[in-house]
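[1] pasting the structure only:
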DNA sequence: AGATCGATTATCT
DNA sequence: GATAATCGATCTC
């Protein structure tokens, strides 16, 4: 499967967020290939988006990577215990990102089960299987993504995104999650997910 | 099935 | 010192 190139990421956050649906996130680690289909994303539109860390051009050490080239990772820790994985998009100097909110496990189910629940996949309960990667913090835990991977180049060989198998699906467009502080921006329809997919975090 | 609430710490002010 | 792009446990219906 073909790895997405720099130009894929060098576009507006809303465009990339929609197009990332159905693509495959891959993390090669310790000789294991962990992969999962992206089923839910959110666009963070930068300086004019009250929900974005880069709102009004805020530029702190944490958000610095968003001001750089597209196609790099922005990984931060939230609530003191969860990681969130984002893709930096749009041209250098335009601090936009796409949050990956949910994925559907494909390869490396054993790895994911161990990282999430510390047990083999086969002994997971039904509800544990369903909640392996259906949220931004959960997928980071399952795929071993944390802040040590902040600023990684997705156009390289350890962590990257591949074009998915051609597939038909409907896209649901709705409000983002967990940004009640963002005033008018909290209702902007900048969350996208694959309709009827079991792994979506919030319907 | 839905509501509420505590955990826990990097980051910013 | 306050906050947070979340999660999971616990409670009630």
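    All right, it came through fine. Fair warning: this is a prediction, and the values are worked out from it, not measured in the lab.

[2] what is the burial count for the residue of chain A found nearest DNA strand C?
    Nearest residue of chain A to DNA strand C (Cβ to the nearest atom of the strand) works out as residue A:178 at 1.8 Å. Every C-beta, even on glycine, is put in place using the N, C-alpha and C of the backbone. By the criterion of other Cβ atoms under 10 Å, residue A:178 has 17 neighbours.

[3] next: residue A:96.
    Residues lying near residue A:96 (other Cβ under 10 Å) number 28.

[4] per-residue confidence for it?
    pLDDT for residue A:96: 98.

[5] same check, this time on residue A:33
    Here, the pLDDT recorded for residue A:33 equals 98.

[6] packing partners for the host helix or strand of it?
    Counting by DSSP states H and E, the element that carries residue A:33 is strand A:32-44. Applying 3 or more Cβ pairs under 8 Å, 6 or more residues apart in numbering; DSSP states H and E, we find strand A:32-44 packed against helix A:13-20, strand A:24-29, strand A:96-107, helix A:109-117, helix A:136-142, strand A:191-194.

[7] partners of the longest one, with directions?
    Using DSSP bridges, strand A:96-107 pairs in its sheet with strand A:32-44 (antiparallel), strand A:82-89 (antiparallel).

[8] and for the second one?
    Take DSSP bridges as the rule and strand A:24-29 pairs in its sheet with strand A:32-44 (antiparallel), strand A:159-162 (antiparallel).
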